[in-house]
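*Asks:* Sharing a sequence plus its predicted fold:
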Amino acid sequence: MKALQYQDKSVATVVELPTPQIADDEVLVAARSVGVCHSDIDLLEGRYIIPFSYPLIPGHEWSGEVVAVGSAVTTLSPGDRVVGECVIGADHFGFSISGAAAEFFVARPEWLHRLPDELSYTMGALVEPFSVAYYALVRAGGVDASDVVVVLGAGPVGLAVVAAARAMGAVVVVVEPSADRRTSAEALGAHHTAHPDDVDDLLKDLTAGRGADVVVEASGRPAVMARALELVAFQGRIAYIGIDVGQEAPAKLGLIQSKELRITGSIGSPGVWPETLRFLANSGIDLTAVVTQRYGIDKAVEALEAAHHPESTIKAHIELTAAL
């Protein structure tokens, strides 16, 4: 089989590997669509939030088809369309253990969820980033039509927050320097968008000076993370989901106390995948427009390169069609 493999720091290539063999309690999955995340780039460059080692196969945003099951597996059958969770106990699929960027890969049934009929394979590979957005809003206490939600950053996860918060009934404001990303946010339901330089005036008019009820920080940039403290209202909530590894920025930490803020941080989306899949199936949310580039497995390294250029790429997908 063909697979995208990180052989060492900054060394990625498409390789030929034996098709994996499964144990009695495992499942063999044929990947159908695999998203490239910024954290995949961090991983290739030697950075991640938990320990890992090369060589490894990336790929934690994926959809696929079950092609074989072990003799002890009773919950899945060949032909089932599935997606799978990333955070598995202390391990992260596609990071500390090899992932889905291959024609075939091994998974355990407890990681997997059937993909609803309403969702395509492309949407299936967007479930993981959407679940991160959904989980962040759940951890923040949920939102509804009484809330003004400010989303800082319109990358794939930030755009997923837009779609989720809009479906929950909130008024959604997106703060993003890129005009093209702001347009994408509007297409997914943002009521208002603003350049970072203009957000104070917009919020003042929109909330009569109150500030945002909820700020979701999705850029992972330390200076923007600090800015969230200034944009949120008294007794407001901040959800941090943008990933930063070890950078620093000055922040007005006294605002946490003086505004009586509630702040949550989250990584991944443990425990909410069944709800996430029902939410997507029932809400009719279509995120496929965020997939701006598509590549076959032979061009998987080009997908990584595309992801290095956020000015022209929102989300790159590797699409596969292999069958046993």
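*Replies:* Arrived safely. In this text, all values refer to a predicted model and were calculated from it rather than measured experimentally.

*Asks:* from here on, contacts and neighbour counts on C-alpha atoms
*Replies:* OK.

*Asks:* show me where this structure has helices.
*Replies:* 38-44, 121-124, 127-139, 156-167, 179-187, 199-207, 222-231, 254-258, 273-283, 300-307 (DSSP state H).

*Asks:* Export the ones you listed to CSV and append columns for mean pLDDT.
*Replies:* Shown next, in CSV, are the helices of the chain (pLDDT from 0 to 100):
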stretch, mean pLDDT
helix 38-44, 92
helix 121-124, 98
helix 127-139, 97
helix 156-167, 98
helix 179-187, 97
helix 199-207, 97
helix 222-231, 98
helix 254-258, 98
helix 273-283, 97
helix 300-307, 96
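
*Asks:* Which one of these lies nearest to Ser63?
*Replies:* Among those, the nearest to Ser63 by CA to CA is helix 121-124 (5.0 Å).

*Asks:* elements contacting that closest one?
*Replies:* Packed against helix 121-124 by the contact rule (3 or more CA pairs under 8 Å, 6 or more residues apart in numbering; DSSP states H and E) you find strand 27-36, strand 61-69.

*Asks:* try 10 Å this time
*Replies:* Using 3 or more CA pairs under 10 Å, 6 or more residues apart in numbering; DSSP states H and E, the elements in contact with helix 121-124 are strand 27-36, strand 61-69, strand 81-84, helix 127-139, helix 273-283, strand 315-319.

*Asks:* Adding mean neighbour count, write those out as a markdown table.
*Replies:* What follows is the helices and strands packed on helix 121-124, written out as a markdown table (neighbours: other CA atoms under 10 Å):
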| stretch | mean neighbour count |
| --- | --- |
| strand 27-36 | 28 |
| strand 61-69 | 25 |
| strand 81-84 | 27 |
| helix 127-139 | 24 |
| helix 273-283 | 17 |
| strand 315-319 | 26 |
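
*Asks:* could you redo the ones you listed as TSV and give each row distance to Ala154?
*Replies:* TSV is the format used below for the helices and strands packed on helix 121-124 (distance: least, CA to CA, whole Å):
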stretch	distance to Ala154
strand 27-36	16
strand 61-69	18
strand 81-84	24
helix 127-139	12
helix 273-283	19
strand 315-319	11
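
*Asks:* Which of the helices of the chain has the highest mean neighbour count?
*Replies:* helix 156-167 (a mean of 27; mean count of other CA atoms under 10 Å).

*Asks:* who are the neighbours in contact with the residue nearest in space to the middle of the chain?
*Replies:* Nearest residue to the geometric centre of the chain (CA atoms, centre = their mean): Pro129, 2.1 Å. Neighbour list for Pro129: 35, 37, 60-61, 135, 156-161, 268-269 [criterion: CA atoms under 10 Å, 6 or more residues apart in numbering].

*Asks:* from those, which single one is nearest Lys252?
*Replies:* Nearest member of those to Lys252, counting by CA to CA, is Gly158, at 23.5 Å.

*Asks:* And for the helix or strand of the chain with the lowest mean pLDDT, what's in contact with it?
*Replies:* Every helix and strand of the chain was ranked by mean pLDDT, DSSP states H and E. The lowest is strand 87-88, at a mean of 86. Residues outside strand 87-88 that contact it (CA under 10 Å, 6+ apart): His60, Phe93, Gly94, Phe95, Ile97, Glu110, Trp111, Ile267, Gly268, Ser269, Pro270, Gly271.

*Asks:* right, and the last one touches Glu85 too?
*Replies:* Yes: taking contact to mean CA atoms under 10 Å, the distance of 9.3 Å between Gly271 and Glu85 places them in contact.

*Asks:* re earlier: ok, which of the helices and strands packed on helix 121-124 comes nearest Asp213?
*Replies:* So among these, helix 127-139 is nearest, using CA to CA, at 12.2 Å.

*Asks:* Could you export that closest one as CSV, CA atoms only?
*Replies:* Output in CSV follows, covering the C-alpha atoms of helix 127-139 (Å, rounded to 0.1, in the frame of the first residue of the first chain):
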residue,chain,number,x,y,z
VAL,A,127,-15.9,15.8,11.7
GLU,A,128,-12.7,15.9,13.8
PRO,A,129,-12.1,19.7,13.4
PHE,A,130,-15.8,20.3,13.8
SER,A,131,-15.9,18.2,17.0
VAL,A,132,-13.1,20.4,18.4
ALA,A,133,-15.2,23.4,17.9
TYR,A,134,-18.3,21.7,19.2
TYR,A,135,-16.5,20.5,22.3
ALA,A,136,-15.1,24.0,23.0
LEU,A,137,-18.6,25.4,23.0
VAL,A,138,-19.9,22.6,25.2
ARG,A,139,-17.0,23.1,27.7
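
*Asks:* orientation of that helix relative to strand 61-69 in degrees?
*Replies:* 120 degrees (axes from the mean of the first three to the mean of the last three CA atoms, to 10 degrees).

*Asks:* Tell me what angle helix 127-139 forms with helix 273-283.
*Replies:* 100 degrees.
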